[in-house]
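Novice: quick one, what's the 3D model for this:
(2 chains)
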Amino acid sequence: MTLAAPDPQSVSRAIAALVRTDRGRLLSALITRLKDFQLAEEALQDALASAVVHWGRAGLPASPRGWLLKVALRKAIDRLRTSAREGRKATEIARLSVAEAAETTTDDIPDERLRLIFTCCHPALEPKTRVALTLRTLGGLSTTEVADAFLDNETTMGQRLSRARTKILGAGIPYAVPGPEDWDERLQSVLKVVYLIFNQGYSDGDGGRARQLSEEAIYLARMLNELRPGQAEVEGLLGLMLITEARRAARLASDGTSVSIPFQDRTLWDQGRIAEGVALLDEAMARRAAGPFQIKAAIAALHAQAEPPDWPQIVLLYDSLLRMEPTPVVQLNRAVALAEAGAVEAGLRVLESLAPALAAYQPFHAAHAEVLARSGRAEAALAAYDRAISLASNPSDAAFLRRRRDQLAEPSS
Amino acid sequence: MQYMALIYNDPSLEPAYGTPEFQAMMQGYAAFNETLKAAGAYVSGEGLRDVDTATSLRVRDGKVETMDGPFAETKERLGGYYIFDVPDLDAALRFAAMIPSAAYGTIEVRPVMDYNI
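Specialist: Numbers count the residues shown, from 1 in each chain, chains lettered A, B, ... in the order given. A predicted model of the protein is given here:
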């Protein structure tokens, strides 16, 4: 009896799918066993290459993930044997050989991704490195894709990732979920990284890459929520991203101009995602541990749920946010909400006080122009639009602002 | 794993000798030393005399060149150090944050090279 030769295409498709869904989990398991980032990545690469050959001949094993883990451990031992790292060799190889022998080839490998995400987002690494390493290690992105997301070339990004792996090993950054005394602060650092990834994708226009980054961030937040359920700020962040992402299709006009929320076509909003985001937010709020992401999600939810939204409520939310993040940008958003809630003059006074701090910040001038126009100061509003247009960093924002300016200049048309 | 915590400070920003704040800082150091020892993490630690007493040296072409003062002129100067023996960077950073001078200057934390691995 002869077995039918497996179709090479279906084998490579199966491997690609495994890489997408299980790379983070496999890498996490390997890193915690090998205590070496670089070695783990290389060993997994070796194991995947081996899988192409073996599975192509013999078909997929019963437990592909377990097979890959065991083979990767063996490959790591091979690499240690042939490497120049003489001193490490003997004891490491002995330790790993025991671990490899004990490893069963079931798919049921423990999920170590929570430990790894805290390692990748460790404050001892540069913020940009945290983002890149998280995308590379826990997301499904290759070094090339991470480089593209940052508009870096592949060599520079490769060096950044390699320096990070060396530092984690050399500096003794632990593969550990932080203890209760460090938990809140370190979780904030992780959530900030995830939100940065999301924003990178959301503000980058509408290409496939941008969408992929936003989906990646949502995937990472879902993963966190699954691995450590019941964390109000994780739910808040996931809710915020879902509600924001739900508006993606309405964000740009057909000519590529950006469209701000009040002018968006609401029928294009993804109501399923908004509902999921709002439900998450409700769960988070019930835990009575308010944090900045929950408040931002609550503001996004109010915008999504009614037209016009409940502005006085939004002002109150910004008041709370300001206590946690006393930044000029939060003050700016609060001032706009204040004007929308009817307190135009009070809003203007706050805006004027922010002018020195935000002189070079385009959204400040755009908001200032809107509020000035509302208060009837047309000339000052036109000047503020001009300033905003000159600071706009992309053509679609500039086009949106120019349209608003023209509407104000010729109200009859 | 051993870590060295290098204490960099700008003397003009730290409490002056003889003031109650100076007393409090020194008591802070004494308490910190006890904490480290109780945790079994203390290896060594010393304060350094002021940079006025520093002499730098290098050997070039077989000749010793001696210079007055520290090698690099910076506002924050190396003022002392600790060596901790702890499991990982997080533990080292936790101790480093307890060094009283962290409130005035900067603490650089670096692993000590282990030549046996």
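
Novice: which element, helix or strand, includes A:Val194?
Specialist: A:Val194 is located in helix A:180-202, with elements delineated by DSSP states H and E.

Novice: how about the next helix or strand after that helix, which residues are buried there?
Specialist: From helix A:180-202 onward toward the C-terminus, using DSSP H and E, the following helix or strand is helix A:208-227. Going by neighbour count (16 or more other CB atoms under 10 Å in any protein chain shown), the buried part of helix A:208-227 is A:210-221, A:223-225, A:227. Just so you know, the C-beta spots here come from the backbone N, C-alpha and C atoms, and that holds for glycine as well.

Novice: continuing past helix A:208-227, what's the next helix or strand?
Specialist: helix A:232-245.

Novice: now for that following helix, which elements pack on it?
Specialist: With contacts defined as 3 or more CB pairs under 8 Å, 6 or more residues apart in numbering or on different chains; DSSP states H and E, the packing partners of helix A:232-245 are helix A:180-202, helix A:208-227, helix A:271-286, helix A:292-305.

Novice: in contact with whichever residue of the stretch 201-350 of chain A sits closest to chain B, which residues?
Specialist: Closest residue of the stretch 201-350 of chain A to chain B, CB to the nearest CB: A:Arg228 (17.9 Å). Neighbouring residues of A:Arg228 by CB atoms under 8 Å, 6 or more residues apart in numbering or on different chains: A:Leu114, A:Val177, A:Val234.

Novice: redo the residues you listed as a markdown table? Include pLDDT and neighbour count.
Specialist: Listed next are those as a markdown table, based on pLDDT from 0 to 100; neighbours: other CB atoms under 10 Å in any protein chain shown:
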| residue | pLDDT | neighbour count |
| --- | --- | --- |
| A:Leu114 | 92 | 17 |
| A:Val177 | 92 | 18 |
| A:Val234 | 98 | 27 |
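
Novice: make a markdown table out of these and add distance to A:Trp269.
Specialist: Listed next are those as a markdown table, based on distance: CB to CB, whole Å:
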| residue | distance to A:Trp269 |
| --- | --- |
| A:Leu114 | 32 |
| A:Val177 | 36 |
| A:Val234 | 24 |
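
Novice: nearest to A:Arg251 among these?
Specialist: Nearest to A:Arg251 among the contacts of A:Arg228: A:Val234, at 25.1 Å, using CB to CB.

Novice: is the closest one in contact with A:Leu191, as I believe?
Specialist: Yes: in this structure, A:Val234 is within contact of A:Leu191 by CB atoms under 8 Å, at 6.9 Å.

Novice: what is in contact with these two at once?
Specialist: What both A:Val234 and A:Leu191 touch, as defined by CB under 8 Å, 6+ apart, is the set A:Ala221, A:Leu224.

Novice: run the angle between the strand or helix carrying A:Gln9 and helix A:208-227 for me.
Specialist: Under the criterion of DSSP H and E, A:Gln9 resides in helix A:8-34. Using axes from the mean of the first three to the mean of the last three CA atoms, to 10 degrees, the inter-axis angle of helix A:8-34 relative to helix A:208-227 is 50 degrees.

Novice: which helix or strand lies directly C-terminal to helix A:8-34?
Specialist: Helices and strands here follow DSSP H and E; after helix A:8-34, the next one along the chain is helix A:37-58.

Novice: which residues are contacting that next one?
Specialist: A:6, A:8, A:11-12, A:14-15, A:19, A:23, A:26-27, A:30-31, A:34, A:61, A:64, A:67-69, A:71-73, A:75-76, A:78-80, A:137, A:162, A:164-166, A:168-169.

Novice: give the PyMOL command for selecting the buried subset of those residues.
Specialist: Filtering the contacts of helix A:37-58 down to the buried ones (16+ other CB under 10 Å) takes a single PyMOL command:
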select buried, chain A and resi 11+14+15+19+23+26+27+30+31+34+61+64+67+68+69+71+72+73+75+76+79+80+137+164+165+168+169
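
Novice: ranges for the strands of chain B?
Specialist: B:2-9, B:42-47, B:55-60, B:63-68, B:77-85, B:106-111 (DSSP state E).

Novice: rebuild those as a markdown table, extending it with mean pLDDT and mean neighbour count.
Specialist: What follows is the strands of chain B, written out as a markdown table (pLDDT from 0 to 100; neighbours: other CB under 10 Å):
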| stretch | mean pLDDT | mean neighbour count |
| --- | --- | --- |
| strand B:2-9 | 96 | 20 |
| strand B:42-47 | 95 | 13 |
| strand B:55-60 | 91 | 9 |
| strand B:63-68 | 90 | 9 |
| strand B:77-85 | 95 | 19 |
| strand B:106-111 | 96 | 16 |
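
Novice: so which of those gets nearest A:Glu245?
Specialist: In terms of CB to CB, the element of the strands of chain B nearest to A:Glu245 is strand B:106-111, at 39.1 Å.

Novice: relative to strand B:77-85, how tilted is the closest one?
Specialist: Using the same axes, to 10 degrees: strand B:106-111 against strand B:77-85 is 40 degrees.

Novice: so what's the gap between strand B:106-111 and the chain middle?
Specialist: Relative to its chain's centre, strand B:106-111 lies at 8 Å (CA atoms, centre = their mean, to the nearest Å).

Novice: so for stretch A:53-65, what gets flagged as buried?
Specialist: A:His54, A:Trp55, A:Gly56, A:Leu60, A:Pro61, A:Ser63, A:Pro64, A:Arg65.

Novice: looking at these, which is nearest chain B?
Specialist: Distances from chain B to these, taken by CB to the nearest CB, are shortest for A:Arg65, at 28.3 Å.

Novice: that closest one against A:Ile15, yeah?
Specialist: No: between A:Arg65 and A:Ile15 there is no contact under CB under 8 Å: 11.6 Å.

Novice: just the closest residue of chain B to chain A, please.
Specialist: Closest to chain A within chain B is B:Asp88: 3.9 Å, counting by CB to the nearest CB.

Novice: circling back to that earlier point, quick one, which of the helices and strands packed on helix A:232-245 is nearest to B:Ala38?
Specialist: helix A:180-202 (17.1 Å).

Novice: what average pLDDT does the closest one get?
Specialist: Across helix A:180-202, pLDDT averages out at 91.

Novice: show me what contacts A:Ile77?
Specialist: A:Ile93, A:Leu96, A:Ser97, A:Glu100.

Novice: need phi/psi at the closest residue to the last one other than its chain neighbours.
Specialist: Okay, so that is A:Glu100. Of all residues not flanking A:Glu100 in the chain, A:Leu73 sits nearest, at 4.2 Å (CB to CB, 6 or more residues apart in numbering or on different chains). As for A:Leu73, its main-chain torsions (degrees, to the nearest 10) stand at phi -60, psi -40.

Novice: wait, what's in contact with A:Leu73?
Specialist: By CB under 8 Å, 6+ apart, A:Leu73 lies in contact with A:Leu30, A:Arg33, A:Leu34, A:Ala43, A:Leu96, A:Ala99, A:Glu100, A:Glu103.

Novice: no further questions, thank you.
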